[in-house]
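[1] Kindly return the folded structure for what I paste below:
(chains A and B)
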Amino acid sequence: MKKVYVNEQWCLGCHLCEYYCAFANSGKSSMIKALKDRHIAPRIRIEERDNISFAVSCRHCTDPLCVKSCISGALSIVDGAVMIDSGKCVGCCSCIMSCPYGALSHSEAGVIQKCELCKKNEFGVPLCVQGCPNKAIVYEER
Amino acid sequence: MKYVIIGGGAAALSCIEGIRSIDKTGGITLVSKEKYPFYGRPLISYLLEGKTTLDNVLSYRPADYEQTHGVRAIRGMGVTAIDAGAHTVALASGEILSYDRLCIATGSVPFVPPMEGLEQVRDRTTFWTLDDALALRAMLGDNKDKRVLIIGAGLIGLKCAEGILHLAASVDVVDLAPRILPAVLPEEPAAIVQRRIEKAGVRFTLGDSVVRFEPNLAHLKGGKDIAFDVLVLAVGVRPSTALAAGAGCAIERGIVIDSSCATSAADIYAAGDCTAQSEAGTGKPRVLAIWPNAMMQGETAGKCMAGGEASFDKGVPMNATGFMGLHLISAGSYDGELLLSRTPDAYKALYVRDDRLVGFIMLGNIERAGIYTSLVRERTPLSSIDFELIRETPQLMAFSATERAKKLGGGLL
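    Numbers count the residues shown, from 1 in each chain, chains lettered A, B, ... in the order given. Below you'll find the predicted structure:
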């Protein structure tokens, strides 16, 4: 299955992936409407320090600890991708406790959000990857 | 191959998935005392709080799950005995099931210490099953006029308090321990959580216990009397081991299992809250009654029952919860050098021993806590990472570039 992978050496630390992620999952028609004057809560996050930077988002593990820890059944594997049903999520944070990558976070709605590879929004393929100017994140089979 | 699973919780569900990952056709029969399909037991407080619905609670798995997984589920049915020699399980209905491999996933049962006058209290319940939660909801009614007394300030008692606060006239919590969450938190973070819960309106009487009940009154040892309409007994739970003991399985508080989740009896496995598994390191059997552990053990048992290779011995105590909006995540043990950081909205304690992070507590800001959990679980040598960096905040930057490339570029779990 195709997943988002990180080529750390190409990351410019521009944070565009974060903006594209927030836009892709906003349901708004343009980036301006989605992002202008808003505090964004993207599902992909840049870590940076000195001259190193890289993006972190869900690894879509084949044996995900988050899914095993989920008490509500909100997290499940659908066609190889780890998906979240936010209607079922109670925000207990067991997934945040379990994920070794720190890839799940709180959404603005108070429950948990994570990368779903843009499978649920209109883009269908990860917009963060499309928006990355330097191929520091790629969407491919490995 | 014929499989029988006793129990209907997380470990039983995960056992089915373990079996089916290897054996697609062998007959699986599940016998569960509760009448409901699989549900997340910890959800019951969230249900009363209104953070989820009964429909959602009962759809932990799709409605056709048993059909699609080839499971005959006998629910609302007790098991009276296991005959390990004959490889049979006797049901309360009189039916006898034979098995090639058996998994005991009977979970925990609430422990209610003897208390004088308890039987005179009409509206009383434990808080463990969905039926308990529904009974409690009915006792509270819709008039927000019931005074509730909860015995036990552990996770169960406090989640119950949070769940029903908006439905009750008042909520009192009594615990023998001098602090709340005595099994989960040391003094300082416990006090922080207590203040938050008190601010929301819950009253605590700690270091005290009930010596005698009247129908609507509890007399405490310290001299205080607490009037109530509804009593919740949340003192604790114990592994449910009677059936396993009857079958000849070794018991040490829980059913003793090895890393393949096999008990001491041939062809009998066990998983979840009812078990005691050797702790990595000390080798002593220990009961670890938490959801993730039940899921890991259930899967391991299932795979091994089906003849596959699997082992699990990385059980680590851990809890993710929260009270009145204050998030709490803790994992591991607190036996180590304490590295503390406090900010106005967060408390963080890391416990370090012998170049390892052995445990941690995060209150308030719990972002990316799983990175700490993984250091505890994997026993990562702290000298192999940038500990000063990760101590500040959980981050992958603290790992070497090679390790990061593995984590983010492939080599997935």
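[2] use CA for all of it now, contacts and neighbours both
    Noted.
[3] do the top helix by length along chain A and chain B meet?
    If you go by DSSP state H, chain A has its longest helix at helix A:16-24. No: contact of helix A:16-24 with chain B (CA under 8 Å from any CA of the partner chain) is absent, the minimum separation being 15.3 Å.
[4] Now the helix or strand just after that helix: buried residues?
    Using DSSP states H and E, the helix or strand that directly follows helix A:16-24 along the chain is helix A:31-35. Residues A:34-35 are the ones in helix A:31-35 that count as buried (16 or more other CA atoms under 10 Å in any protein chain shown).
[5] next helix or strand past helix A:31-35?
    strand A:45-49.
[6] Could you list every helix and strand in contact with that following strand?
    Secondary-structure packing of strand A:45-49 (3 or more CA pairs under 8 Å, 6 or more residues apart in numbering or on different chains; DSSP states H and E): helix A:16-24, strand A:52-56.
[7] and those as CSV, adding mean neighbour count, distance to residue B:128 and mean pLDDT?
    Formatted as CSV, those follow (neighbours: other CA atoms under 10 Å in any protein chain shown; distance: least, CA to CA, whole Å; pLDDT from 0 to 100):
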stretch, mean neighbour count, distance to residue B:128, mean pLDDT
helix A:16-24, 23, 40, 96
strand A:52-56, 21, 38, 97
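[8] Flag the helix or strand of chain A with the lowest per-element mean pLDDT.
    Ranked by mean pLDDT, DSSP states H and E, the weakest helix or strand in chain A is helix A:31-35, scoring a mean of 88.
[9] Which strands or helices does that helix pack on?
    Against helix A:31-35 (3+ CA pairs under 8 Å, 6+ apart) you get helix A:16-24.
[10] Can you verify residue B:372 is assigned to a helix?
    Yes: counting by DSSP: H, G, I helix; E, B strand; the rest coil, residue B:372 is part of a helix.
[11] Spit out the contact partners of it.
    A:100, B:357, B:360, B:394 (CA atoms under 8 Å, 6 or more residues apart in numbering or on different chains).
[12] Narrow these to those in strands?
    B:357, B:360 (DSSP state E).
[13] ends of stretch B:384-404, how far apart?
    Length of stretch B:384-404, first residue to last, CA to CA, to the nearest Å: 13 Å.
[14] Kindly provide the whole-number mean pLDDT of it.
    The average pLDDT within stretch B:384-404 is 96.
[15] re the thing from before, CSV for the helices and strands packed on strand A:45-49, including distance to residue B:301?
    Formatted as CSV, those follow (distance: least, CA to CA, whole Å):
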stretch, distance to residue B:301
helix A:16-24, 40
strand A:52-56, 33
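[16] Pop the domain breakdown of the chain in here.
    Looking at chain A here, since you left the chain open. Taking automatic domain parsing as the reference, chain A has its domains at A:1-57+A:116-142, A:62-101+A:108-114.
[17] look at chain B instead
    Domain assignment of chain B by automatic domain parsing yields the ranges B:2-109+B:238-305, B:118-235, B:325-409.
[18] What is the longest helix of chain A packed up against?
    helix A:31-35, strand A:45-49, helix A:127-131.
[19] which parts of the second one are buried?
    Yep, that's strand A:45-49 we're talking about. Using 16+ other CA under 10 Å as the test for burial, strand A:45-49 gives A:45-46.
[20] Setting aside sequence neighbours, what's the nearest residue to the residue positioned nearest the centre of chain B?
    Nearest to the geometric centre of chain B sits residue B:290, at 3.2 Å (CA atoms, centre = their mean). Here the nearest residue to residue B:290 in space, its sequence neighbours aside, is residue B:273; by CA to CA, 6 or more residues apart in numbering or on different chains that works out to 6.9 Å.
[21] Same question for residue A:94.
    Residue A:94's closest residue in space is residue B:320 (CA to CA, 6+ apart), at 5.0 Å.
[22] cool, and residue B:105?
    residue B:7 (4.8 Å).
[23] what about the one you found, how many neighbours?
    Number of residues near residue B:7 (other CA atoms under 10 Å in any protein chain shown) recorded here: 25.
[24] so which of the helices and strands packed on strand A:45-49 gets nearest residue B:31?
    Proximity to residue B:31, assessed across the helices and strands packed on strand A:45-49 by CA to CA, is greatest for strand A:52-56 (42.9 Å).
[25] For the closest one, give me every contacting residue.
    A:6-9, A:11-13, A:17, A:44-48, A:101, A:103, A:136-137, B:408.
[26] Now restrict the residues you listed to buried residues only.
    Neighbour-count burial within the contacts of strand A:52-56 applies to A:6-8, A:11-13, A:17, A:44-46, A:101, A:103, A:136-137, B:408; the criterion is 16+ other CA under 10 Å.
[27] Mark which of those residues are part of helices, please.
    Using DSSP H, the buried ones among the contacts of strand A:52-56 in helices are A:17, B:408.
[28] So which of the buried ones among the contacts of strand A:52-56 is the closest to residue B:309?
    Of these, the one sitting nearest to residue B:309 (CA to CA) turns out to be residue A:101, at 26.7 Å.
[29] Strand partners (parallel or antiparallel) of the helix or strand hosting residue B:349?
    Using DSSP H and E, residue B:349 sits in strand B:346-353. For strand B:346-353, the paired strands and their directions (DSSP bridges) are strand B:337-343 (antiparallel), strand B:356-363 (antiparallel).
[30] Which stretch among those is buried most, on average?
    strand B:356-363 (a mean of 24; mean count of other CA atoms under 10 Å in any protein chain shown).
[31] Contacts for that one, please.
    The contact list for strand B:356-363, computed with CA under 8 Å, 6+ apart, reads B:185, B:189, B:326-336, B:346-352, B:369, B:372-373, B:375-376, B:379-382.
[32] redo that, cut-off 6 Å
    Residues outside strand B:356-363 that contact it (CA atoms under 6 Å, 6 or more residues apart in numbering or on different chains) are B:327-334, B:346-352, B:376, B:379, B:381-382.
[33] Would you show me how to pick out the buried ones of the residues you listed in PyMOL?
    To isolate the buried ones among the contacts of strand B:356-363 in PyMOL, judged by 16+ other CA under 10 Å, type:
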select buried, chain B and resi 327+328+329+330+331+332+333+334+346+347+348+349+350+351+352+376+382
